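Peer 1: everything below, folded, please.
(one chain, ligands or ions: 1)
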Amino acid sequence: MHVAAQKENSSLLLCCLARGMALSGDHSDRGELRTHESLDELRTDLADYIADLSEMSVKERGVFAVALSGGSLIGLIGKLCEAPYNKTVDWAKWYIFWADERVVGKNHDDSNYKLAKDGFLSKVPIVPSHVHSINDSVSAEQAADDYEFVIRQLVRTRVISVSEISDCPKFDLVLLGMGPDGHVASLFPNHSVLGENDEWVTFITDSPKPPPERITFTLPVINSASNVAVVATGISKAEALHLAIDDVGPDCPSLPARMVQPTNGKLVWFLDKAAASKLDGAQFSDLG
Ligand SMILES: O=C1O[C@H](COP(=O)(O)O)[C@@H](O)[C@H](O)[C@H]1O
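Peer 2: Numbering: from 1, shown residues only. Now for the predicted structure:
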């Protein structure tokens, strides 16, 4: 296992052991689970899902506002750059945001923008002015404020819709990865930003996973989206997925992935067999 993944896993286990975690239980209603036999099958299903949401959103609102994450997600949405999607998706109507970003230069290898640009955005005809990346020349705090300001402007002009029950932006789709410690976006286990309910975008300077300075959507923004997809693959994610999805009782309630609970939106989990292997009942299904 990769050293960073090992570190993330052990901090997850420590968090759970400290809280007397129960490691088994029944499945609870945690959205739609899509577990795939192979990564290729997952990539196709994910591309179909995103293309369908794009079509629906363009039909209903004239635009598609989608927030990306970094990490393995970008490789897993790669089929969108291929036929038929590269020709059939209405790319001119897409607006791109980031659910989280590392506060580094746009050309830095740690930049989620660079990852998405190299692996996705440069391969499809998205309008450059529709790509909303962070200001990389200011502090993390300022970058978060600036990013929230940009989002506010686009909510005002209805490029981004607005939640009916809060004043939060309502993205058409928020695409999340999940770390082996159960973090989503840059919301890490036991971090105080999990309780941030006032800001739409906030910052951290002490990320347990490098680099330390990051900006992130807050939970109210993620949970106001019309659609949220969590994409997680590999055995290193299996324990965190069990804790995020299964009915583990009142223990470890502050696992970030478990706190992804869209209020009116739809939650879908895209998993491979390895990631799903510790879900309750996995050993009895043909996934086991
Ligand atoms: O640091 C981050 O990690 C998560 C998970 O990444 P993965 O490579 O394990 O999929 C990612 O979703 C997030 O955007 C990123 O900043």
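
Peer 1: ok now do the residue in the stretch 1-150 of the chain that the ligand sits nearest to, which residues does it touch?
Peer 2: Nearest residue of the stretch 1-150 of the chain to the ligand, counting by Cβ to the nearest ligand atom: residue 71, 2.4 Å away. Placement of C-beta: from N, CA and C, glycine included. Residue 71 sits next to 112, 115, 177, 179 when contact means Cβ atoms under 8 Å, 6 or more residues apart in numbering.

Peer 1: if I look at the nearest residue to the first one once chain neighbours are set aside, how far off is residue 253?
Peer 2: By the measure of Cβ to Cβ, 6 or more residues apart in numbering, the closest residue to residue 112 outside its immediate chain neighbours is residue 70, 3.3 Å from it. Applying Cβ to Cβ, to the nearest Å, one obtains 26 Å for the distance of residue 70 from residue 253.

Peer 1: of those two, which one has the most company?
Peer 2: Ranked by neighbour count (other Cβ atoms under 10 Å), residue 70 and residue 253 place residue 70 first, with 22 against 10.

Peer 1: specify the beta-bridge partners of the residue nearest the centre of the chain.
Peer 2: Centroid-nearest residue in the chain: residue 176, 1.2 Å away (criterion: Cα atoms, centre = their mean). Beta-bridge partners recorded for residue 176 (DSSP bridges): residue 230.

Peer 1: show me which residues of the stretch 1-150 of the chain are close to the ligand?
Peer 2: Proximity of the stretch 1-150 of the chain to the ligand, by Cβ under 6 Å from any ligand atom, involves residues 69, 70, 71, 72, 73, 100, 112.

Peer 1: in ChimeraX, select just the buried ones from the residues you listed.
Peer 2: With 16 or more other Cβ atoms under 10 Å as the criterion, this ChimeraX line picks the buried residues out of those:
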select :69,70,71,72,73,100,112
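
Peer 1: report the two of the residues of the stretch 1-150 of the chain next to the ligand separated the most.
Peer 2: The distance between the two most remote of these (Cβ to Cβ) is 14.0 Å, for 72 and 100.

Peer 1: burial of residue 243, as a residue count?
Peer 2: Applying other Cβ under 10 Å, we find 23 residues neighbouring residue 243.

Peer 1: so for the helix or strand hosting it, mean pLDDT?
Peer 2: Residue 243 belongs to helix 238-245 when assigned by DSSP states H and E. What helix 238-245 shows for mean pLDDT is 96.

Peer 1: is the ligand within reach of that helix?
Peer 2: No - Helix 238-245 lies out of reach of the ligand by Cβ under 6 Å from any ligand atom, never closer than 10.0 Å.

Peer 1: ditto for stretch 219-228
Peer 2: No - counting by Cβ under 6 Å from any ligand atom, the ligand has no neighbours in stretch 219-228; the shortest distance is 11.8 Å.
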